[in-house]
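Undergrad: sequence plus predicted model, see below.
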Amino acid sequence: MSKKETKNSHFIPSPFPTVTEYENTFVKEWNKNTAEAVAEVLKYMAQATASAIKETKEERK
Amino acid sequence: MIFTQGQIQDMLSILKRYELIFIASQLGLDFLSQADKALLLAAGIDLDSYKNKKGVIEHAFLFGILAEAIGDARAKKMNYAQFQKFLASGNFIPLTEEEEFALQTVKQRAYTDITNLGNRMRNGLSNVVLKNNQQRSLMAQKMIREKTIKAVELRVGARGLAADLAETSQNWEVDWLRISYYLTHEAYNSGRAQSILKEYGADAEVYFDVYVGACNRCKELYLVDPEDPDSEPIVFKLKDIIANGNNIGRKVKDWLPTISPTHPYCRCTINHKKPGFAWDEELRAFTIPIKKKSNHPKLKGVKLNIKVSK
């Protein structure tokens, strides 16, 4: 069982549908936001790597 | 690929920007400093789109007030979309100054936890990149010595870095799960407590719903008989619970009954105990009217036979 699943199982579901829905929304909003941030960081890394490769090739010429 | 300090700073500022966007959308623009706003404006973010926006923390607080006011049975029939529609209708009674203060307090807690996690994420990213730089140090030395480097070596390093970052970000998700459940439940319970305070005052009696599956410490704190899951709950004065603050930083043995979740992933929910009612095990609520007994010596043992006629 993964760490995430272990943590999840400790939380008792709410008997209020509204509570469950806004909790899920809050979790998802952050995760979506973080995923976008990480994607942008990875894009930055890829661009920096591509620039370094280009510079290396130009230096060789 | 060896990243320079300037490039690391650029990557950290990307994470910071997204953290600020989340704060603006969930807590409001009041929680951003001028420097924060400037950073977002420079990135082309329209700050006006976050004006007067209620985030989930505020929704949780308001739903707590509503649930306590209309009763749990009715609140359980409502879904999130219906609740949001109700808020948009303008029928929700405006918050009092005390309620507004309590809401700001839970939002400040949320701000602290979100920014703490944001700092941990930036530290995590920084460590991942620095670790990569160390691992690629032989390549860097070769680069300096021979002024040569193969493109494939640069690519391999970048791939490893991306994999490390993906793994680290999974830990952030676990952290966020714990934080988000704590924050939303704190806001919800605070809303309920404020509703009780407004309606019945600080001397009001309260108890906690301890759901099946609750931890032993919560059973000890909130139930008369911790061994019995259907036990009558312990009744507290609201003012005493408020005075207990929260359990952050306290050892488990020192935990106190609190409006804030007793511990992360705690679901125990504050309720008002109406005076004159005893505990009903089946309904798990204080609903059995208590018959009043007179202490007057002349009335002891006297049975009244009253006939009502027109």
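TA: Yep, that arrived. Numbers count the residues shown, from 1 in each chain, chains lettered A, B, ... in the order given.

Undergrad: and stretch B:38-51, what's buried?
TA: Neighbour counts over stretch B:38-51 (16 or more other CB atoms under 10 Å in any protein chain shown) mark B:Leu39, B:Leu40, B:Ile45, B:Tyr50 as buried. Glycine gets a C-beta too; all of them are placed from N, C-alpha and C.

Undergrad: near chain A, which of the residues you listed show up?
TA: Among the buried residues of stretch B:38-51, not one lies near chain A by CB under 8 Å from any CB of the partner chain.

Undergrad: narrow those residues to those in strands?
TA: Counting by DSSP state E, the buried residues of stretch B:38-51 place none of their members in strands.

Undergrad: kindly indicate which of the residues you listed lies nearest B:Glu58.
TA: The closest of the buried residues of stretch B:38-51 to B:Glu58 turns out to be B:Tyr50 (CB to CB; 12.9 Å).

Undergrad: isn't that closest one right up against B:Ala24?
TA: Yes. Judged on CB atoms under 8 Å, B:Tyr50 makes contact with B:Ala24 at a distance of 4.3 Å.

Undergrad: what helix or strand is the residue minimising distance to the centre of chain A on?
TA: Nearest to the geometric centre of chain A sits A:Ala35, at 2.8 Å (CA atoms, centre = their mean). Using DSSP states H and E, A:Ala35 sits within helix A:17-60.

Undergrad: who are the packing partners of that helix?
TA: If you count contacts as 3 or more CB pairs under 8 Å, 6 or more residues apart in numbering or on different chains; DSSP states H and E, helix A:17-60 packs onto helix B:5-26, helix B:56-70, helix B:80-88, helix B:151-200.

Undergrad: that one to helix B:151-200, inter-axis angle?
TA: If you take axes from the mean of the first three to the mean of the last three CA atoms, to 10 degrees, helix A:17-60 sits at 160 degrees to helix B:151-200.

Undergrad: chain A contacts on the stretch 201-310 of chain B?
TA: Within reach of chain A by CB under 8 Å from any CB, the stretch 201-310 of chain B has these residues: B:Tyr211, B:Val212, B:Gly213, B:Ala214, B:Tyr265, B:Arg267.

Undergrad: which ones among those map onto strands?
TA: Nothing among these maps onto strands, per DSSP E.

Undergrad: export the residues you listed to JSON lines and append columns for distance to B:Gly160, neighbour count and pLDDT.
TA: Shown next, in JSON lines, are those (distance: CB to CB, whole Å; neighbours: other CB atoms under 10 Å in any protein chain shown; pLDDT from 0 to 100):
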{"residue": "B:Tyr211", "distance to B:Gly160": "45", "neighbour count": "17", "pLDDT": "91"}
{"residue": "B:Val212", "distance to B:Gly160": "46", "neighbour count": "7", "pLDDT": "89"}
{"residue": "B:Gly213", "distance to B:Gly160": "42", "neighbour count": "12", "pLDDT": "90"}
{"residue": "B:Ala214", "distance to B:Gly160": "44", "neighbour count": "21", "pLDDT": "93"}
{"residue": "B:Tyr265", "distance to B:Gly160": "34", "neighbour count": "18", "pLDDT": "94"}
{"residue": "B:Arg267", "distance to B:Gly160": "41", "neighbour count": "25", "pLDDT": "95"}
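
Undergrad: now for those: which two are most distant?
TA: Maximum pairwise distance in these, criterion CB to CB, is 14.6 Å, between B:Val212 and B:Tyr265.

Undergrad: tell me how far the helix holding A:Ala35 lies from the chain's centre.
TA: Centroid separation for helix A:17-60 versus its chain: 6 Å, with CA atoms, centre = their mean, to the nearest Å.

Undergrad: related to what we said a few turns ago, what's the most buried one of the helices and strands packed on helix A:17-60?
TA: Greatest average neighbour count among the helices and strands packed on helix A:17-60 goes to helix B:56-70 (a mean of 23), per mean count of other CB atoms under 10 Å in any protein chain shown.

Undergrad: ok, B:Gly160 to chain A distance?
TA: When distance is defined by CB to the nearest CB, to the nearest Å, B:Gly160 is 11 Å away from chain A.

Undergrad: residues touching that residue, list them.
TA: Shown in contact with B:Gly160 (CB atoms under 8 Å, 6 or more residues apart in numbering or on different chains): B:Asn132, B:Gln135.
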